[in-house]
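>>> got a structure for you, letters missing:
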């Protein structure tokens, strides 16, 4: 494939939305190449330098064709930018370098703006195609129509270099979409939201980032009732940075299924709230453990979206030596678990009692299904003077001062017990965990 220029032309959409804005289409195309320009309502992209990153021009063509179909745009490929622009206006397709002249010669005058604006005059001299204009004397063309017409022809046929002003990637993403038909049910918003998500995926790929939170805003129709308000919004969070349109669509579908619109919606808006650097996909021959775990995170996110954030919780370690506060449950799946704090070396039981059980003592020795034999200890745990439960006069200090022991019971096995000082000089033994 010899075509290095791509032209993308927004097309009218008969399925409920207006054509995509050329600037939004250009921002989406920046994920494939930094050389993207806006030209006469279309987008031109020079991709010869970046084709290798996508596995060749053929693979790059397939990626751009698929994305353009999602956004509602026609694609054409040619060795020059103006040739691609002329082709995309008349059906699109791909033209190799050796067939460029013959393909352009057959196009009508309207295919090129510089030629089409002189259509009436050229028609009177019998010119109906670009090839017929090209056969006219060059000197006469310049004197009659000016140098821009001849320069545009030379650039389209590859006889003169082209120069364009490349667009730059915006630092933030925010896109709007006006719906041609009013939507009354929230799940039906997914059709328009998908186009916006495809645009956001292109912006993320160009920035080498992944989204962690995005917000879909909807604006009510102007004929709404006053009590309905201007619109609504829905924020979706992901546990890991992602560029996947399908993953974002699944999460958004679960959230929209629980939304009831107060009035018909006429316009959508999507914004990327939180983005993070994204490492991309590791293409290796060996299995990647991190890649295998992505399915679990996606499933947990869908469960949270369907049943609520408190339906799935993640255990998170805390910097606290008190066993009751060493971990807590967090509903944010993106929460980064911290490393465990360095302990004293004593083993910790796999099962803790929610409330420590006070043990009886016989001859100053703790008993639990028989006398306990202290095997290892003591391990002093003290702290929590800053911690209070409740508010106001009902607040209680959660400070502890305990000596933990690993003990053996004749019938219950290995236990985790502690001795705690009470009022005065008294002390008591408590059972706090089991080892088996």
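Okay, I see it. From a predicted model like this one, the values you see are computed outputs, not experimental measurements.
>>> For residue 367, give its distance to residue 378.
Distance of residue 367 to residue 378, computed by CB to CB, to the nearest Å: 18 Å. The C-beta positions use only the backbone N, C-alpha and C, and glycine is treated the same way.
>>> What of residue 317?
For residue 317, the distance to residue 378 - CB to CB - is 24 Å.
>>> now this structure, which segments are flagged as low pLDDT?
1-3, 14-17, 280-295, 297, 333-344, 392-393, 395 (pLDDT under 70).
>>> the helices in it, which residues?
22-29, 57-71, 81-88, 100-105, 113-116, 119-124, 130-134, 138-145, 147-156, 190-207, 245-256, 289-292, 294-307 (DSSP state H).
>>> Identify each buried residue in stretch 256-276, please.
For stretch 256-276, burial by neighbour count (16 or more other CB atoms under 10 Å) applies to 256, 261, 263-272, 274-275.
>>> Distance to residue 113 for the residues you listed - can I get that in CSV?
Output for the buried residues of stretch 256-276, formatted as CSV (distance: CB to CB, whole Å):
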residue, distance to residue 113
256, 43
261, 43
263, 43
264, 39
265, 37
266, 33
267, 31
268, 32
269, 33
270, 33
271, 35
272, 35
274, 42
275, 38
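>>> Grab the nearest non-local neighbour of residue 136.
Using CB to CB, 6 or more residues apart in numbering and skipping residues adjacent in sequence, the residue nearest residue 136 is residue 127, 7.2 Å away.
>>> Would you agree that neighbour is in contact with residue 144?
No - between residue 127 and residue 144 there is no contact under CB atoms under 8 Å: 11.7 Å.
>>> quick one, which of the two is more surrounded?
Under the criterion of other CB atoms under 10 Å, the comparison of residue 127 against residue 144 puts residue 127 first, with 19 against 14.
>>> Ramachandran coordinates for that one?
The phi/psi pair for residue 127 (degrees, to the nearest 10) reads phi -100, psi 120.
>>> gap between it and residue 145?
From residue 127 to residue 145 the distance is 11 Å (CB to CB).
>>> Check residue 157 too.
17 Å.
>>> Over to residue 64?
Computed as CB to CB, the residue 64 to residue 145 distance reads 35 Å.
>>> Settle it for me: which of the two has more neighbours?
Counted by other CB under 10 Å, residue 64 and residue 145 do not tie: residue 64 has more neighbours, with 23 against 18.
>>> Distance from stretch 5-23 to the middle of the chain?
23 Å (CA atoms, centre = their mean, to the nearest Å).
>>> And for it, what's in contact with it?
The contact list for stretch 5-23, computed with CB atoms under 8 Å, 6 or more residues apart in numbering, reads 25, 29, 38, 41-47, 64, 68, 71-81, 83-85, 87-89, 92, 167, 177-181, 191-192, 195, 199.
>>> let's see 6 Å
25, 38, 41-47, 68, 71-78, 80-81, 84-85, 88, 177-181, 192 (CB atoms under 6 Å, 6 or more residues apart in numbering).
>>> what residues are up against residue 321?
381, 383.
>>> about what we covered before: any chance of a markdown table for the helices of the chain, columns distance to residue 13?
Formatted as a markdown table, the helices of the chain follow (distance: least, CB to CB, whole Å):
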| stretch | distance to residue 13 |
| --- | --- |
| helix 22-29 | 13 |
| helix 57-71 | 10 |
| helix 81-88 | 17 |
| helix 100-105 | 28 |
| helix 113-116 | 24 |
| helix 119-124 | 29 |
| helix 130-134 | 30 |
| helix 138-145 | 36 |
| helix 147-156 | 29 |
| helix 190-207 | 9 |
| helix 245-256 | 18 |
| helix 289-292 | 36 |
| helix 294-307 | 28 |
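>>> Which stretch among those is buried most, on average?
Most buried of the helices of the chain, by mean neighbour count (mean count of other CB atoms under 10 Å): helix 81-88, with a mean of 27.
>>> so it versus helix 147-156, what angle?
For helix 81-88 against helix 147-156, the angle by axes from the mean of the first three to the mean of the last three CA atoms, to 10 degrees is 80 degrees.
>>> so how far is helix 81-88 from its chain's centroid?
33 Å.
>>> what residues does that helix touch?
5, 7, 9, 42, 44, 74, 76, 78, 104, 107, 111-112, 155-156, 162.
>>> among those residues, which are in strands?
5, 7, 9, 42, 44, 74, 76, 78 (DSSP state E).
>>> before we move on, the earlier item: correct me if wrong: the residue nearest to residue 136 contacts residue 135.
No - between residue 127 and residue 135 there is no contact under CB atoms under 6 Å: 8.7 Å.
>>> Enumerate every residue touching the nearest residue to residue 270 once chain neighbours are set aside.
Closest residue to residue 270 apart from its sequence neighbours, by CB to CB, 6+ apart: residue 196 at 3.8 Å. With contact taken as CB under 6 Å, 6+ apart, residue 196 is in contact with 175, 177, 270.
>>> ok, so what distance separates residue 196 from residue 271?
Separation of residue 196 from residue 271 (CB to CB) stands at 9 Å.
>>> And the closest residue to residue 306 other than its chain neighbours, how far from residue 129?
What sits nearest to residue 306 in space, not counting adjacent residues and going by CB to CB, 6+ apart, is residue 254, at 5.0 Å. Per CB to CB, residue 254 is found 55 Å from residue 129.
>>> Ok, residue 368 next?
Residue 368 is 100 Å from residue 129, where distance means CB to CB.
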